[in-house]
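Colleague: generate a structure from the sequence data that follows.
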Amino acid sequence: MPRAEPVTTVEDLLAARTDANRRFFDDIAADLASLCHAMAERFARGGRLIAVGRTPAARSDVRHVAVEFVHPVIVGKRALPAIGLAGEDGNLPSRIDVLARPDDIAIAFGAGEDGGEAARALAVVRARGCLTMAFCPAGAEWELVPPGDDPDIGQELAETAYHVLWELVHVFFDHRGLLAGRDARTRHDAGPSAFLYPFLDEREDALEPLLADVRRSVLAKAAEIGALREQTLTENRATLESAAAALRAGLDGGGTLLALGNGGSATDAMDAVADFQEEWPAIDLTADSAILTAIANDIGVEAVFSRQVIAYGRPGDVLLALSTSGDSRNVVQALAEARSRGLATIAMVGYDGGRIAADGLADHVVVTRSEHIPRIQEAQASAYHVLRRLVGSP
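Modeller: Numbering: from 1, shown residues only. You can find the predicted model right below:
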């Protein structure tokens, strides 16, 4: 998809996101609540989430949604089966035809941009009885299409939406009586989750009140990311501008962008590289499973990125590191290696910035001030998309 016309200021880029965020979630909050319930029923019957997408940007979302469901970061919440099919191992419709079962849930990204392959994959599984959804026109039962034509904003809104689905689908597992075929408990004690989900402590004899509560939670989470995005782009405006200038200078001089992160941040690194590689040289240090597992097995996980910096990095290159904590040892080690080799370094971190910010381990540090990992990642997506826009084209 062609990139939207460039906007010149961080303020304008933020304003466009603020408006789109409000409109999108106002429109889909009730649908997301109902979809969480429908997904919970599928998971309760043994279904799995299968994400499909073939374009470089879509692949990052496929990997991101899968890792969030399989590796939940909410304490006490269950891992849910999720599989990502990004086209590396063959035709998407053929792969999903072999893999999918009737109780599964299929989600498509980037349909149309990949020649319709993701949409054809959804058609295969919808005929089989799978629940289907998409963040693009794809012939799905549930289509949550972000407003406007800016692909960066669309990706950011989709990321928030599938994070919200992942967070709130668990609500219905805590109300077993609202899932077909499961026994109800008279009342559920929300326990340590009460401060996050106070509506869990409710009777399980009525679906509509819970759907209304979940809808309100969707809107609250949308407001939360709106405020955090504003903090990230406003407080770090000068940092983003100086980072963009340094990155542009490195690229103009023949340098390469290297990007890295762990888990969901790995998929954000993948997305950042996808955005840059259309016009600039960029390498995703999370992409090669053989290299990652060889280093982790033979040396240790702390070296999985720094060893690649040794292999690929040279003066004039730029390293972009994404970390929600700011403390990940393999990220810290890679930044140190990059600095010792004359690379410029940019870090995007959450919480209070962690060790990376406190010890000044990167030349440019963008801090997203939150302890909520999904929201941090969503705001960081806005930050690296803004960085890309500020760098511009050759």
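Colleague: what is the end-to-end distance of stretch 40-51?
Modeller: End-to-end span of stretch 40-51 (C-alpha to C-alpha, to the nearest Å): 16 Å.
Colleague: list the buried ones in it?
Modeller: For stretch 40-51, burial by neighbour count (16 or more other C-beta atoms under 10 Å) applies to 40, 41, 42, 43, 44, 47, 48, 49, 50, 51. Quick note: C-beta positions are derived from backbone N, CA and C, even for glycine.
Colleague: dump the residues you listed into TSV; add pLDDT as well.
Modeller: As requested, these are arranged in TSV below (pLDDT from 0 to 100):
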residue	pLDDT
40	93
41	93
42	94
43	94
44	91
47	96
48	97
49	98
50	97
51	97
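Colleague: which ones among those are found in helices?
Modeller: Counting by DSSP state H, the buried residues of stretch 40-51 place 40, 41, 42, 43, 44 in helices.
Colleague: distance to residue 290 added to the residues you listed, as TSV?
Modeller: Listed next are those as TSV, based on distance: C-beta to C-beta, whole Å:
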residue	distance to residue 290
40	37
41	39
42	34
43	32
44	37
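Colleague: how is the chain carved up into domains?
Modeller: 10-228, 236-391 (automatic domain parsing).
Colleague: helices of the chain, start to end?
Modeller: 10-44, 56-70, 92-99, 117-128, 151-173, 207-235, 237-252, 264-276, 289-298, 306-312, 329-340, 354-358, 373-391.
Colleague: hmm, back to that, what's the closest of the ones in helices among the buried residues of stretch 40-51 to residue 134?
Modeller: Nearest to residue 134 among those: residue 42, at 16.1 Å, using C-beta to C-beta.
Colleague: would you enumerate the residues in contact with the closest one?
Modeller: By C-beta atoms under 8 Å, 6 or more residues apart in numbering, the residues touching residue 42 are 103, 104, 105, 131.
Colleague: quick check: bridge partners of the last one?
Modeller: What that stands for is residue 131. Taking DSSP bridges as the rule, residue 131 bridges to residue 105.
Colleague: can you tell which of the helices of the chain is closest to residue 141?
Modeller: Closest to residue 141 of the helices of the chain is helix 117-128 (C-beta to C-beta; 7.1 Å).
Colleague: if we can go back for a sec, which one among the contacts of residue 42 gets closest to residue 294?
Modeller: Among the contacts of residue 42, and counting by C-beta to C-beta, the member closest to residue 294 is residue 104, at 32.9 Å.
Colleague: what's the burial count for residue 234?
Modeller: Look at residue 234: counted by other C-beta atoms under 10 Å, it has 11 neighbours.
Colleague: so what's it closest to, chain neighbours aside?
Modeller: Once flanking residues are discounted, residue 234 sits nearest to residue 14: 7.0 Å by C-beta to C-beta, 6 or more residues apart in numbering.
Colleague: just list the residues touching that neighbour, thanks.
Modeller: Listed by C-beta under 8 Å, 6+ apart, the contact set of residue 14 reads 229, 230, 233, 234, 382.
Colleague: looking at these, which two lie furthest apart in space?
Modeller: 234 and 382 (11.3 Å).
Colleague: pLDDT below threshold where in the stretch 1-150 of the chain?
Modeller: For the stretch 1-150 of the chain, applying pLDDT under 70 flags the ranges 1-8, 75.
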